[in-house]
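**Q** Just need the structure, nothing else, for what follows:
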Amino acid sequence: MAKEHMHAALISGAKQLEVTTLPCPTPSPGEVLVTVSYVGICGSDLHYYQDGAVGAFEVRQPLVPGHEMSGTLSDGTPVTIHPATFGTCMEGIEDHPHLWPHGAYLGSASTWPHTQGAMQEQLLVREDQIRRLPEGVPLRRASLAEPLSVGLHAITVAGSVEGKHVLVSGAGPIGQLAALAAVNKGAATVTISDVVDGPLERAHESLTCVNTTRTQLHDESFDVVLECAGVPAATTDALRVVRRRGTVVQVGMLPNQPVGINMAPLVSKEVLLRGTFRFLDEVNQAIEMLKDPMFDSVITHEFPLSDVVTAFNIAADSQVSGKVVVKIP
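**A** Alright, predicted model coming up:
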């Protein structure tokens, strides 16, 4: 007999997170039911929990968080998903649907009703969102596919990193994944920097780690900088350390307001400064790349759904945690 009810995490406002019971979903034509196995906690999930909002997108109804997930189909096939529903096609960017307006994303309060996320036992998605996992990618590691796709899209925006000296600024989970993706893509060297020791101590052995509160990076020493911290001072530093005619990609989200960034090197060195937002179809690359067990180093904690509040509190402390995943149920 099919289950009638399931457990799910719900955010109702700032610091209002609980595990509750919801009716099990029933697929409509074109929809697929996924039994969820793991869900990673993202920065946006943390903002919904800590602040009750991400920027202007306020939690106005109970929201199931989570868009980094893995699970299985009814026949046991292991999968991950592309969490986006693309919006209205826009002239001039037909090939970049992730930038079309009026789209939706799992676990987001940007839409009304909210787009419920993956931190529940069962999830309905469209067939075209399903990505079947290749052999050699365990479900726990597969929950990294979405954030790894963000890092891969940043590399796509930067152009090839093969044979280049790459700096990743900000050693949180996105930074760690972007750095490992650059290693996989053949970068000559990959340096990762931060202002706290915890994330650097957890970084994979293939990366050169620098705490910039103690060691200043040399001017004009990197071909490509992926700025993942989302801090204006880090963007200023990125423009300083990138070589002449080098590329800086702003991955971390900056405040939606005027901020102080020294742009003089952008002009004098003819630096290419690019923004990057989520990803297009890099999730297909990501699941192949996740065959490599080096990506396991990014996941530092696993909690059961019943302990989701602890999971969120640990995930909020970058000194002690990298990527925190929740095991469902």
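**Q** what are the ranges of the strands in the stretch 51-200 of the chain?
**A** Under the criterion DSSP state E, counting those that start in this stretch, the stretch 51-200 of the chain contains strands at 53-54, 57-58, 68-72, 78-81, 84-85, 104-105, 122-126, 130-132, 165-169, 189-194.
**Q** Would you reformat those strands as TSV and include mean pLDDT?
**A** Below are the strands of the stretch 51-200 of the chain laid out as TSV (pLDDT from 0 to 100):
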stretch	mean pLDDT
strand 53-54	94
strand 57-58	94
strand 68-72	99
strand 78-81	99
strand 84-85	96
strand 104-105	96
strand 122-126	98
strand 130-132	98
strand 165-169	99
strand 189-194	99
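**Q** nearest to T236, of those?
**A** strand 165-169 (10.5 Å; Cβ to Cβ). Every C-beta, even on glycine, is put in place using the N, C-alpha and C of the backbone.
**Q** What helices and strands are in contact with that closest one?
**A** Where contact means 3 or more Cβ pairs under 8 Å, 6 or more residues apart in numbering; DSSP states H and E, strand 165-169 is packed against helix 173-184, strand 189-194, strand 222-227, helix 232-241.
**Q** closest to A233 out of the strands of the stretch 51-200 of the chain?
**A** The closest of these to A233 is strand 165-169. By Cβ to Cβ, the value is 10.0 Å.
**Q** From the rest of the structure, what touches the closest one?
**A** When contacts are defined by Cβ atoms under 8 Å, 6 or more residues apart in numbering, strand 165-169 is touched by residues 175, 178-179, 182, 187-193, 217, 221-229, 234, 237-238, 241-242.
**Q** Filter the residues you listed down to the buried ones, ChimeraX style.
**A** Here is the ChimeraX selection string for the buried members of the contacts of strand 165-169, based on 16 or more other Cβ atoms under 10 Å:
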select :175,178,179,182,187,189,190,191,192,193,217,221,222,223,224,225,226,227,228,229,234,237,238,241,242
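**Q** circling back to that earlier point, could the strands of the stretch 51-200 of the chain go into TSV alongside distance to K3?
**A** Rendered in TSV, the data for the strands of the stretch 51-200 of the chain read as follows (distance: least, Cβ to Cβ, whole Å):
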stretch	distance to K3
strand 53-54	31
strand 57-58	31
strand 68-72	15
strand 78-81	19
strand 84-85	26
strand 104-105	26
strand 122-126	8
strand 130-132	21
strand 165-169	43
strand 189-194	43
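**Q** looking at those, which is closest to D95?
**A** Closest to D95 of those is strand 84-85 (Cβ to Cβ; 14.9 Å).
**Q** and stretch 194-211, how far apart are its ends?
**A** End-to-end distance for stretch 194-211, by Cα to Cα, to the nearest Å: 5 Å.
**Q** same thing with stretch 118-125?
**A** Start-to-end, stretch 118-125 (Cα to Cα) is 10 Å.
**Q** Next, the buried residues of that stretch.
**A** Quick answer for stretch 118-125 (16+ other Cβ under 10 Å): 118-123, 125.
**Q** which outside residues touch it?
**A** So stretch 118-125 is contacted by 3, 6-9, 22, 24-25, 27-28, 31-36, 39, 64-69, 71, 81, 83, 106-107, 305, 308, 326, 328-329 (Cβ under 8 Å, 6+ apart).
**Q** buried subset of these?
**A** Applying 16+ other Cβ under 10 Å to these, the neighbour count classes 6-9, 22, 25, 32-36, 39, 64-69, 71, 81, 83, 106-107, 305, 308, 326, 328-329 as buried.
**Q** Inside helices: which ones of those residues?
**A** V308 (DSSP state H).
**Q** Quick check: E127 vs A158, distance?
**A** With distances taken as Cβ to Cβ, to the nearest Å, E127 is found 32 Å from A158.
**Q** The two: which is more packed in?
**A** The neighbour comparison of E127 against A158 (other Cβ atoms under 10 Å) goes to A158, with 25 against 10.
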